[in-house]
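Chemist: fold the following and give me the result.
(4 chains)
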There are 4 protein chains.
Amino acid sequence: MQNRKLRMGMVGGGEGAFIGNVHRMAANLDGQIELVCGAFSSDPEKSKRSGRALFLETDRCYSTYQEMFTKEQALDENERMDFVSIVTPNHLHFDIAKMALEHGFHVICDKPATFTLAEAQILKTIIANNECLYGLTHTYTGYPMVKHARHLVEQGKLGKIVKVVAQYSQGWLAASADTNNKQALWRLDPTQAGVSCCMGDIGVHAANLMEYVSGQYITDICADLNAMVEGRALDDDGTVLTKFNDGAKGILTASQISVGNENGLAISVYGENAGLSWRQEEPNTLWVKYNDKPAEMVRTAVGDLSEECMLATRTPAGHPEGYLEAFANLYSRFAQQIRTYPNELENLESIPGIDEAIRGMAFIENAVNASQSDVKWHPFKIN
Amino acid sequence: MQNRKLRMGMVGGGEGAFIGNVHRMAANLDGQIELVCGAFSSDPEKSKRSGRALFLETDRCYSTYQEMFTKEQALDENERMDFVSIVTPNHLHFDIAKMALEHGFHVICDKPATFTLAEAQILKTIIANNECLYGLTHTYTGYPMVKHARHLVEQGKLGKIVKVVAQYSQGWLAASADTNNKQALWRLDPTQAGVSCCMGDIGVHAANLMEYVSGQYITDICADLNAMVEGRALDDDGTVLTKFNDGAKGILTASQISVGNENGLAISVYGENAGLSWRQEEPNTLWVKYNDKPAEMVRTAVGDLSEECMLATRTPAGHPEGYLEAFANLYSRFAQQIRTYPNELENLESIPGIDEAIRGMAFIENAVNASQSDVKWHPFKIN
Amino acid sequence: MQNRKLRMGMVGGGEGAFIGNVHRMAANLDGQIELVCGAFSSDPEKSKRSGRALFLETDRCYSTYQEMFTKEQALDENERMDFVSIVTPNHLHFDIAKMALEHGFHVICDKPATFTLAEAQILKTIIANNECLYGLTHTYTGYPMVKHARHLVEQGKLGKIVKVVAQYSQGWLAASADTNNKQALWRLDPTQAGVSCCMGDIGVHAANLMEYVSGQYITDICADLNAMVEGRALDDDGTVLTKFNDGAKGILTASQISVGNENGLAISVYGENAGLSWRQEEPNTLWVKYNDKPAEMVRTAVGDLSEECMLATRTPAGHPEGYLEAFANLYSRFAQQIRTYPNELENLESIPGIDEAIRGMAFIENAVNASQSDVKWHPFKIN
Amino acid sequence: MQNRKLRMGMVGGGEGAFIGNVHRMAANLDGQIELVCGAFSSDPEKSKRSGRALFLETDRCYSTYQEMFTKEQALDENERMDFVSIVTPNHLHFDIAKMALEHGFHVICDKPATFTLAEAQILKTIIANNECLYGLTHTYTGYPMVKHARHLVEQGKLGKIVKVVAQYSQGWLAASADTNNKQALWRLDPTQAGVSCCMGDIGVHAANLMEYVSGQYITDICADLNAMVEGRALDDDGTVLTKFNDGAKGILTASQISVGNENGLAISVYGENAGLSWRQEEPNTLWVKYNDKPAEMVRTAVGDLSEECMLATRTPAGHPEGYLEAFANLYSRFAQQIRTYPNELENLESIPGIDEAIRGMAFIENAVNASQSDVKWHPFKIN
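Modeler: Presented below is the predicted three-dimensional model:
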């Protein structure tokens, strides 16, 4: 496996899909992975057409994911796919991941991991039983400056952490927006998206980032989720206040009705001695701020950066890397995990996995439940 | 009064004070007001010394505010001060304002208006009984771009307002900061500052700005105030979620322990059709944002702006005006109110007055009470 | 003089003028100076009307500057003005300054100092003969961060200076702009503005800033001035390349036809070890940049700053000061110079004076001459 | 060719090279191209090792480019490479491109195209004689916002163009920098880089961008190139003033010794009615500026954009694309050109080709010659 590209299959991501193409570009970028097969749509014809447009061999453009896992398992190991990328709507993630794992394929899956927290818990057992790798594409952890931010906190550069503030602000589901498109429709449909739209789609990224960068865990929450546009069954906006295990407080705001905001994810972490701030839309800049001396503008590829940060960087200073590169960092690291498997990576992070998946699903369900309560604070329950 | 400068007295603001000098510069800028007397310190010697350093006549550097009001009242009206500026710590505001009003002097006062909501309610009656003007220096309403933001909302350019988000983030009271100075000590002392430090000092500005720009009123709040630095009797950080009278939701975050933040006041207002954002540290820029076309960077003195905005502007485009100019706008407008008195200004805003003072004190007390409760939402009580 | 405000007279700056009001606000801000008299317009009626609107006594609203200097000189020294502020169009500066100095009044003058370099040379002699102070309002040297930038260069923090880059870019004289107003008309008229519009009005500020911050002097120039709008007798745009005395190179670009630019003055200075950058439209931020570590965002009132920088600051961090405060720094320092006179200030900078005035006039004339030549480089001549 | 990936060979770009890997990632991203062979180094062992690390078949890791072109030409057309990517130092470009074209392979080449202008002229003939495509990777033309900027100018939204200003500012060759690395050494060596370092490496990008966005051509130049670091044989900094064919003026500044600047390419174009500005380090933002209304912040994937802009965009608004995506846009478009060949693309731009290559080489040689002259202005010679 060391002297060849890894072979990837894909479920979902046919013609007209957005995130499937993102996953493919991310997998392509570093030349470590080749797409060899797929079940790209629940419509067999569309699946074939999509596969052929991607230059796949016709007999590896499958009609269903079930067919794909069965037939790929039967192929010679010199040809068989190594892992599957799951990029369907949320409600299908669990069944597909389950079958893939049970057929011996590593799984990398778009978030949220499953439809319910209970499914995520079960998935953990399935992973353990089938000795496969599982990765969850919390894209934003793939940015070099996010990795460096985490490193600075770990190294104690900020002092004891007291405050973690994350915003994720978008406007595309505002009342005045056209929401009669595929992307909007499934996210606002409880049968496809689950118990939450905004928190499930983007809030969960912000929660993951808060824990990833701060190195702390949410222990209690106070939540206020809103369906600001009349008639919606699911939230399109909300705030979650948090307590963390080591005494810090947090504020997470997520919105899809904040007109004019694009993909406004941002995080600030404050310690007793320094603070840091990062914005996804200007991802190559990390601010480190002090009370008594000038703020430092840390930039990708400039100066003395952490190893994980440098490994996540492809170009010299001032040649901006973006969202696809962050995504590609997850795929490349997952490829390293597969190549090393069953050994673990030495001195390198794995990408987010089933534990982050469970915490993410727990975040969504806890936020929805807390929002429906008249009581202010609720313990963050994971079981 | 039309062919002379208005004559101002001052209480507080002696040597070493910060805000007193700010008020004086604000009063000086436009050449409409001259400082003629003061009781600058509770220490009579210091008061005299301060007054003489300001080039006042010795006999108008008073030992106490009581002496000042009595003696000024006795002066000929060609010499007597017209109004008093109160810039002492919070706990003294009420008594000074009361006596000034009862001696027939108009009052302009630093915020918060009083020590308690009850005092503010009483003050309203005193003002009514004494037929004087009362102004409260909510400085940030003096910025041209804040006025224009309010105008855009009023004109319906954003559509129905759905979300109002304000942050006021500072770092100067962080655990690692030196808080052994006059400014920090009185703000953290319940006997001088009142029931709140952070919400009383800066949160109340943010709340005022939310209502001023959105044109809506807070009707319910959920609050979580924190004393993040151990041993403090008052909050140094906090979040207040709000409901507004017309259905919008709000998020107000205020912090004095967010290391590296200077005077980070910012507001965003989202309507169904457009959003706007403004940051105090870059005050001459107002963003108006859309989902389907480029955001507009509205700039002081560029293009078609509202009349209140233009009246609040002194220099051409690109010649930045700042905090002192915003402050001076309050003083100049208050001077206009005095010159016009007892008539009201035509077609022009008055500066914030006793009603805003009451809402501000109510905000502080409601936030403190709601924070101490296990219940999530509380009606915003003003009586 | 120590226990009273300084008394200022003004020539120019009547109704409708822009810069006169700026000078008055700058003089007012710190409460050190009071306006006592003026000859505000060549129209005696307008002069009186302007003076009365400024609350001056009627008998000190003069019909001409000649009358003013004569009558003020005759007043008792307890009443007589101490200095005059000259804010007329360029072509009148010299005669007014000359008469003021010869009547024993200190002079502070808007730039450019005179109509020609020859006049500026003569003025130097007159100043010396009359033992008065002369100050020139190169406003941008009044910004705290400009002072700190100069300090960093002086301290050697950048290493040997190799490159100095200044832009001054405006759009208000573009072809599509309305130039049928007083401000535009006199600047484009050779009989009022002199040999240059763009270089004389704004280029000279940029040149002054390059020398002020870098501590170096222009020794050679290559110039290309343009009248980009057809039919203009004077330049509205141009570039001047420079050599400096210590081996650095410079680029100065100035434009009044760059549509959409407001008052875009900016400077970058590069040394062998570090670089710095400052922009007038965001004046409280100074960037110090390195190749091998994060750039530092130096901010007004944050951290360890030079004494001149701190003395030029009135408010705490994050309370933005702007153009008027920078201007006021010149007036306040000039007031200090007058109070100390005939002694010089100890350990403090004087504001720009006749030497800067001469270099400024030389810059304008050298640039115009070099631009008309087919030869690339020309020595910078000052005699 | 429509139902398969295009097959790419590469010359240069072995272990330790920077730009070779960039070209490979750019070619990989969209899944349209596969690398099938290469001569990655002048050291045959290193070439093999590099190729195997890229998962190539051993027999297609060639020792020399000559071997590669000969052997690939002999392969069956179902296997043979379609085009070659040339990523060696400048002095080798011509010979490699010539041989590739003469063996019937399309060529995509890093810039500058050749070592001399004369070579570029000859190359044009070779291309014509061999009926192959030739593409030059002026990366910055691949950015969506650069394409939209060009579109706005073409559509007349700015009015008649009067001024074009480009900066390209880097710090990595400053006196204090470590220049004892491969990237620095060959660029400063006249035998490998040609007659210019700074203008040849980065100035030529800026010149290309000026012409690409403005739609105008340089007709005259005035140049001042500097070797600011002692002992250098080639320029590391410089300014070129330009005249354009339709009356506009231009300023191009390029520097590699401006400490703290990363890859600071920026362009502003001013017309009579509006201006636009773009910075490579924040590539998803394009400013369109007016005198009399708010500037518009045009953003990738927001609102009504030109077709070329949208075709160059892969992700929704707020998911930043960067340098590699811009580069990939060149590769993907070149792949389309090959697939369509010998027909031309309909309604779509081709990537920069031999005409831009010739203008680029002419820019370098004209700038060097003009810099050595005492005369200010020189006609831009292309023959």
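Chemist: for the residue of the stretch 1-150 of chain A found nearest chain B, give its distance to chain D.
Modeler: Per C-beta to the nearest C-beta, residue A:149 is where the stretch 1-150 of chain A lies closest to chain B, at 13.7 Å. Heads up, the C-betas are built off the backbone N, CA and C, glycines and all. Per C-beta to the nearest C-beta, to the nearest Å, residue A:149 is found 17 Å from chain D.
Chemist: so which strand or helix has the closest residue to that residue other than its chain neighbours?
Modeler: Residue nearest to residue A:149 in three dimensions, not counting chain neighbours: residue A:213, with 4.9 Å by C-beta to C-beta, 6 or more residues apart in numbering or on different chains. Residue A:213 belongs to helix A:204-214 when assigned by DSSP states H and E.
Chemist: please state the offset of that helix from the chain centre?
Modeler: 10 Å (C-alpha atoms, centre = their mean, to the nearest Å).
Chemist: helices or strands up against that helix?
Modeler: Applying 3 or more C-beta pairs under 8 Å, 6 or more residues apart in numbering or on different chains; DSSP states H and E, one finds that helix A:204-214 contacts helix A:144-154, strand A:161-169, strand A:218-226, strand A:237-244, strand A:249-255, strand A:264-271, helix A:354-371.
Chemist: mean neighbour count added to those, as TSV?
Modeler: What follows is the helices and strands packed on helix A:204-214, written out as TSV (neighbours: other C-beta atoms under 10 Å in any protein chain shown):
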stretch	mean neighbour count
helix A:144-154	23
strand A:161-169	25
strand A:218-226	21
strand A:237-244	25
strand A:249-255	26
strand A:264-271	24
helix A:354-371	23
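Chemist: pLDDT score for the residue nearest to residue A:141 when sequence neighbours are not counted?
Modeler: Counting by C-beta to C-beta, 6+ apart, residue A:141 lies nearest to residue A:212, which is 5.3 Å off, once chain neighbours are set aside. Residue A:212 carries a pLDDT score of 98 in this model.
Chemist: residue A:212 is in contact with residue A:151, isn't it?
Modeler: No: checked against C-beta atoms under 8 Å, the pair residue A:212 and residue A:151 is beyond contact range at 11.3 Å.
Chemist: for residue A:282, grab the count of nearby residues.
Modeler: Residue A:282: 17 surrounding residues under other C-beta atoms under 10 Å in any protein chain shown.
Chemist: helix, strand or coil for residue A:135?
Modeler: Three-state call for residue A:135 (DSSP: H, G, I helix; E, B strand; the rest coil): strand.
Chemist: below-threshold pLDDT in the stretch 151-300 of chain A: ranges please.
Modeler: Across the stretch 151-300 of chain A, not a single residue meets the criterion (pLDDT under 70).
Chemist: what does it have sitting close to chain C?
Modeler: Counting by C-beta under 8 Å from any C-beta of the partner chain, the residues of the stretch 151-300 of chain A lying close to chain C are A:288, A:290, A:291, A:292, A:293, A:294, A:295, A:296, A:297, A:298, A:299.
Chemist: which one of the residues you listed is nearest residue C:180?
Modeler: When these are compared for distance to residue C:180 (C-beta to C-beta), residue A:297 wins out at 44.6 Å.
Chemist: ok, the closest one - contacts?
Modeler: Contacts of residue A:297 were listed using C-beta atoms under 8 Å, 6 or more residues apart in numbering or on different chains, and they are A:285, A:286, A:287, C:294, C:295, C:296, C:297.
Chemist: returning to what we had before: with distance to residue C:131 added, can I get the helices and strands packed on helix A:204-214 in CSV?
Modeler: Formatted as CSV, those follow (distance: least, C-beta to C-beta, whole Å):
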stretch, distance to residue C:131
helix A:144-154, 60
strand A:161-169, 61
strand A:218-226, 73
strand A:237-244, 69
strand A:249-255, 64
strand A:264-271, 58
helix A:354-371, 77
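Chemist: list the contacts of the residue of the stretch 1-150 of chain A closest to chain B.
Modeler: Shown in contact with residue A:149 (C-beta under 8 Å, 6+ apart): A:213, A:267, A:269, A:276, A:278, A:286.
Chemist: close to chain B, is the helix or strand hosting the fourth one?
Modeler: When you say that, I think you mean residue A:276. Secondary structure from DSSP H and E places residue A:276 in strand A:275-279. Yes: using C-beta under 8 Å from any C-beta, a contact is recorded between strand A:275-279 and chain B, made by residue A:275.
Chemist: what's next to the helix or strand that comes right after that strand, contact-wise?
Modeler: Next in sequence after strand A:275-279, counting helices and strands by DSSP H and E, comes strand A:285-289. Here strand A:285-289 makes contact (C-beta under 8 Å, 6+ apart) with A:145, A:148-149, A:152, A:157, A:274-279, A:295-300, B:171, B:259-261, C:294.
Chemist: any of those buried? List them.
Modeler: Among the contacts of strand A:285-289, those classed as buried by 16 or more other C-beta atoms under 10 Å in any protein chain shown are A:145, A:148-149, A:152, A:274-279, A:295-300, B:171, B:259-261, C:294.
Chemist: quick one: strands adjacent to the strand holding residue A:276?
Modeler: Using DSSP bridges, strand A:275-279 pairs in its sheet with strand A:264-271 (antiparallel), strand A:285-289 (antiparallel).
Chemist: distance from stretch A:351-358 to the middle of the chain?
Modeler: The chain centre lies 9 Å from the centre of stretch A:351-358; the measure is C-alpha atoms, centre = their mean.
Chemist: likewise for stretch A:8-28?
Modeler: With C-alpha atoms, centre = their mean as the basis, stretch A:8-28 stands 14 Å off its chain's centre.
Chemist: may I have that stretch as PDB, with CA atoms only?
Modeler: Taking Å, rounded to 0.1, in the frame of the first residue of the first chain, the C-alpha atoms of stretch A:8-28 are listed here in PDB:
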ATOM      1  CA  MET A   8     -11.500   5.500  -2.500                       C
ATOM      2  CA  GLY A   9     -15.100   4.700  -3.000                       C
ATOM      3  CA  MET A  10     -17.900   7.300  -2.500                       C
ATOM      4  CA  VAL A  11     -21.500   7.100  -1.500                       C
ATOM      5  CA  GLY A  12     -23.500  10.200  -2.400                       C
ATOM      6  CA  GLY A  13     -22.200  13.200  -4.200                       C
ATOM      7  CA  GLY A  14     -23.800  12.700  -7.600                       C
ATOM      8  CA  GLU A  15     -24.600  15.400 -10.100                       C
ATOM      9  CA  GLY A  16     -25.700  18.600  -8.500                       C
ATOM     10  CA  ALA A  17     -24.400  17.800  -5.100                       C
ATOM     11  CA  PHE A  18     -22.200  20.300  -3.400                       C
ATOM     12  CA  ILE A  19     -20.300  18.500  -0.700                       C
ATOM     13  CA  GLY A  20     -19.500  15.400  -2.700                       C
ATOM     14  CA  ASN A  21     -17.400  17.400  -5.100                       C
ATOM     15  CA  VAL A  22     -15.600  19.100  -2.200                       C
ATOM     16  CA  HIS A  23     -14.700  15.700  -0.800                       C
ATOM     17  CA  ARG A  24     -13.400  14.600  -4.100                       C
ATOM     18  CA  MET A  25     -11.200  17.700  -4.600                       C
ATOM     19  CA  ALA A  26      -9.900  17.300  -1.100                       C
ATOM     20  CA  ALA A  27      -9.000  13.700  -1.800                       C
ATOM     21  CA  ASN A  28      -7.400  14.600  -5.100                       C
END
